[in-house]
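*Asks:* need a structure here:
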Amino acid sequence: MTEPYKSTPEFDQDSLPDALRKAHSTKEGVWGLLVVGKGAVRLVFHEPRREVSVRPGQPAVIPPQAVHHVETDGPMLMHVEFHTHDPSSAAG
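*Replies:* Numbering: from 1, shown residues only. Below you'll find the model as predicted:
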């Protein structure tokens, strides 16, 4: 897996910023990797609409400019890593 060039702080269900709870996207050429350390969150993509359950050990890739938001429904810890390439492409 590639190394991130930047990462958010770790958020819990109370500290998750409103900006991540509302529709947003990464910039052109920026890949996100949503990493959950405890609990679970739902990563909701808007076009086409689909939901991904993200749990510890099962991070979710966010392609550049994909509009999405994060939903929580219980205790969790998560952060987002930022990459210049698809972080799943070098896995294995």
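*Asks:* going forward, measure contacts and count neighbours with C-alpha atoms only.
*Replies:* OK.
*Asks:* Confirm residue 19 sits in a helix?
*Replies:* Yes. Under DSSP: H, G, I helix; E, B strand; the rest coil, residue 19 sits within a helix.
*Asks:* my read: residue 83 touches residue 26, true?
*Replies:* No. Using Cα atoms under 8 Å, residue 83 makes no contact with residue 26, being 10.4 Å away.
*Asks:* Where does the prediction get shaky in this protein?
*Replies:* 1, 90-92 (pLDDT under 70).
*Asks:* coming back round to it: name the residues contacting each of residue 83 and residue 26.
*Replies:* Common neighbours of residue 83 and residue 26, counting by Cα atoms under 8 Å, 6 or more residues apart in numbering, are residue 32.
*Asks:* of these two, who's got more company?
*Replies:* A direct count of neighbours by other Cα atoms under 10 Å for residue 83 and residue 26 places residue 83 higher, at 21 against 16.
*Asks:* what helix or strand does the spatially closest residue to residue 10 that is not a sequence neighbour sit in?
*Replies:* By the measure of Cα to Cα, 6 or more residues apart in numbering, the closest residue to residue 10 outside its immediate chain neighbours is residue 79, 4.7 Å from it. Here residue 79 sits within strand 77-83, counting by DSSP states H and E.
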